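Novice: okay, sequence plus prediction incoming.
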2 protein chains.
Amino acid sequence: MDVSISDISTSSLPEGTEITVKGWVRTRRDSKSGVSFIHLSDGSCFNSLQIVVPDEISNYQSEVIKVTAGCSIIARGCLVQSKGSGQSVELRAREVHVVGWVKDPETYPMSSKRHSMEYLREHAHLRPRTNIIGSMTRVRNCISQAIHRFFNEQGFLWVSTPIITASDCEGAGEMFRVSTLDPNNIPLDSNGHVDFKEDFFGKETFLTVSGQLNTETYACALSKVYTFGPTFRAENSNTSRHLAEFWMVEPEIAFADLEQSAQLAESLLKYICKAVLIERQDDMSFFVKHIDSNAISRLERLINMDFITVDYAEAVDILIDSGKKFEFPVYWGVDLSSEHERYLTEIHFNSPVIVINYPKEIKAFYMKVNDDGKTVAAMDVLAPGIGEIIGGSQREHRIDVLDERIVEAGMNPKDYGWYRELRTYGTVPHSGFGLGLERMVAYVTGISNVRDVIPFPRTPKNASF
Amino acid sequence: MDVSISDISTSSLPEGTEITVKGWVRTRRDSKSGVSFIHLSDGSCFNSLQIVVPDEISNYQSEVIKVTAGCSIIARGCLVQSKGSGQSVELRAREVHVVGWVKDPETYPMSSKRHSMEYLREHAHLRPRTNIIGSMTRVRNCISQAIHRFFNEQGFLWVSTPIITASDCEGAGEMFRVSTLDPNNIPLDSNGHVDFKEDFFGKETFLTVSGQLNTETYACALSKVYTFGPTFRAENSNTSRHLAEFWMVEPEIAFADLEQSAQLAESLLKYICKAVLIERQDDMSFFVKHIDSNAISRLERLINMDFITVDYAEAVDILIDSGKKFEFPVYWGVDLSSEHERYLTEIHFNSPVIVINYPKEIKAFYMKVNDDGKTVAAMDVLAPGIGEIIGGSQREHRIDVLDERIVEAGMNPKDYGWYRELRTYGTVPHSGFGLGLERMVAYVTGISNVRDVIPFPRTPKNASF
């Protein structure tokens, strides 16, 4: 029977079962007694399978002892109790078929020695063959599946919001232009400006920075929805926390205030962490051993702690009273920077923290103005080890206040016609948030650079593969 | 207790239970005896809930009898047996709170009369408040969740493939350019051509037409993967089957030939249809009643029939022998068009059909050349009522044959360096396919235009909302 290596451990096949496995060789070692040991990986789990190949098989001399890391093979034989440590069974091979050789094994880019993360990025097409990227991929999959399952169980509907957009969600983010105009021959209008009427969509279009405004339209009809897809920032930031293309999950709930959004965020984060601890023990053990010794304990703490909610004003007082010298000074009205956020969540509270009610000047126009007239119903969820992981808000559902905010932001209410109509046709309080998938995967695995938690990172001057 | 309308029917709450519901009014009718009947929808299921409002509640005259379609309300009261048909329970209200009025009800765009699909598209921000778009959204969500569940249960890993790409997957599709260059001031190199070195990624980049080449890299390390995300075509086709932006699921399996890919495609389609029939009975009944009387029976047939596999050469013979006069003539070497495909699946076989082994000249360079040297291991899955719904192939895993095909296609093997390395470092036979989400939703619901099965369609000259 054909099995994956994961099947072997999870279905506890009895000793003596005849099986066929397929995968890529990690290592080969030959004993003096005429037996070779091949470690085979197929990506179905962290562990590789040890295959014991006796020299009596027909292609032992001609092929088996020439097998190197990266070769693809199919092996048949029966499962036997393993004498080695770290595994319960191994495969006693009766047949080893080499499917694909490695050309020039000395220069094989994924040799079994340890490679730098930078080197692996330059070989993004082969790096899933390494332990770290294999484990990351399984954990990333586990997190994504958990996200869909969580929302589905709670009655949310996934809606796909458009990637190509003619509107700029936050009036802020730098955006990529999408066009079919020939850059060697740009059409101009009578004023000498680019004539976007000639472009594919008949107007200037961009890659979305957020699906939120669109999800609001569906939440204001179907109550609970979420979007989960790629979003884009054309920011020239070469940091370990920024990607030009990344995935974001954004739920939106009708008839919900900021507190309900905060509760949903806490439940979601806990649900994801539980799923990873249950389903990906193997990969998490690897991360603890090689990347971040706190990887598992950090998740266990997050699951078991009640998140602390603190007002922005109180958070500012805490930071001022701390007596700590921050690079950026703290005062009421400042946007908290990473060092402030990490002080709050890692030092002062030593717990996940939800900071709420920020000054309206530093937040987007669509956030609900609080009764004090100075703050908005915004929240940032901060977690020890990463800082801000979720940002959200209650949305302004009063048309008059929304219009004031649009004007204050230097925009024209006319440009937001459809968005404003949600407020004139059966408006409801509603709220939601955004969770960046890559930040979540980085948080869970302890991998420090977001370029290593997405298969093919897009960053300034890099769109390889 | 706060409940959704779906909770009421699925959890069979006992009569007399005190509940609170929140949603948008569909209709209001006042009886002469001083009682109003409000139908409330919250999107959690197809059905609306009838709320019986007696005139003794305090805001009956001032508010309740002014409520119109689209108003948002919160109603409290207790569940009672319904006397009307088509529902088992209704809400006897003790309290009705109007949260949001409809401005100028006479002109409310989603009045309860029937609107054309074109009209609804022009109001894409409000159309989820209609029965048809609400049902479509729940079915689309059901299909998407089923896709993730199917692959997850079978041990596939979801990998996100890049949206922004510097390579053109099929050497064919028309693509959107992604750029941050100022179109009013395009930088030129010393030859007077656009200097893409100055662009964000340091080279010319586009929106992806397929994640396949990227999924191959992960399949050739982790065995079973799939990508599920947006893809793009900059084709100027204004048809009911084409979108500039659509979602596609693309699985890729290592150590798998075309037959295994075909089996996977059949299992996936059946799994999706079963999920819809089980989970969305309410919405499917609506589609049967108002859109397509065969909507349910078509799915039942698909689930119960074995798909028929037929060679391209045989399919051509069948079409020629049919004596039917097609618009496009049929001969060996021609790409089958929609009329041919529908004749095969709807008339000749009256069953889902998988056509395999197409002439290599009409298929992409990466498809495996068969032993006859003339055909490639490609497949198209055709279904009655829609025609082609899945396209796939076994990939060429032999480096020498792949290189020949790249050259034949007029391309340079050097441009496919990383893709070719999958064939020199432990190559394996592998195969996969692509299923367009919108075509699947159209097939399942019977909705005839793909613009009505995605929240915010992107088509030539249209990127509204």
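Specialist: Good, I have the coordinates. What you see is a predicted model; the values in this text were computed from it and never measured.
Novice: how many other residues sit next to A:Arg298?
Specialist: Using other C-beta atoms under 10 Å in any protein chain shown, A:Arg298 is surrounded by 20 other residues. For every residue, glycine as well, the C-beta is placed using N, CA and C.
Novice: please apply the same query to A:Tyr331.
Specialist: Using other C-beta under 10 Å: A:Tyr331 sits among 8 other residues.
Novice: residues contacting it?
Specialist: Under the criterion of C-beta atoms under 8 Å, 6 or more residues apart in numbering or on different chains, the neighbours of A:Tyr331 are A:316, A:320.
Novice: swap in 7 Å and give it another go.
Specialist: Counting by C-beta atoms under 7 Å, 6 or more residues apart in numbering or on different chains, A:Tyr331 touches A:Val316.
Novice: doesn't it lie inside a strand?
Specialist: No: under DSSP: H, G, I helix; E, B strand; the rest coil, A:Tyr331 sits outside any strand and is assigned coil.
Novice: got the phi and psi for it?
Specialist: Phi and psi for A:Tyr331, reported as degrees, to the nearest 10, are phi -160, psi 160.
Novice: find the nearest non-adjacent residue to A:Thr215, please.
Specialist: Spatial nearest neighbour of A:Thr215, excluding adjacent residues (C-beta to C-beta, 6 or more residues apart in numbering or on different chains): A:Glu252 at 4.1 Å.
Novice: I figured the one you found hits A:Gly432, correct?
Specialist: Yes: A:Glu252 lies in contact with A:Gly432 (C-beta atoms under 7 Å); the separation is 3.7 Å.
Novice: those two: which has the busier surroundings?
Specialist: More neighbours surround A:Glu252 than the other of A:Glu252 and A:Gly432, with 30 against 26 (other C-beta under 10 Å).
Novice: any idea how far A:Leu222 is from the more buried one?
Specialist: 10 Å (C-beta to C-beta, to the nearest Å).
Novice: name the residues of the stretch 351-465 of chain A found near chain B, please.
Specialist: Taking C-beta under 7 Å from any C-beta of the partner chain, the part of the stretch 351-465 of chain A that reaches chain B is made up of A:418, A:421-422, A:424-428, A:454-456, A:458, A:460-465.
Novice: tell me how many other residues crowd the residue of the stretch 1-150 of chain A found nearest chain B.
Specialist: In the stretch 1-150 of chain A, the residue found nearest to chain B is A:Gly43; the distance is 2.9 Å by C-beta to the nearest C-beta. If you count neighbours by other C-beta under 10 Å, A:Gly43 ends up with 26.
Novice: can you give me the buried ones in the lowest-mean-pLDDT helix or strand in chain A?
Specialist: Lowest by mean pLDDT, DSSP states H and E among the helices and strands of chain A is helix A:5-10, with a mean of 91. Residues of helix A:5-10 classed as buried under the neighbour-count rule (16 or more other C-beta atoms under 10 Å in any protein chain shown) are A:5-9.
Novice: distance to chain B for those - can I get that in a markdown table?
Specialist: Converted to a markdown table, the buried residues of helix A:5-10 look like this (distance: C-beta to the nearest C-beta, whole Å):
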| residue | distance to chain B |
| --- | --- |
| A:Ile5 | 9 |
| A:Ser6 | 7 |
| A:Asp7 | 8 |
| A:Ile8 | 13 |
| A:Ser9 | 13 |
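Novice: joint contacts of A:Glu252 and A:Gly432?
Specialist: What both A:Glu252 and A:Gly432 touch, as defined by C-beta under 7 Å, 6+ apart, is the set A:212, A:215.
Novice: many thanks, we can stop here.
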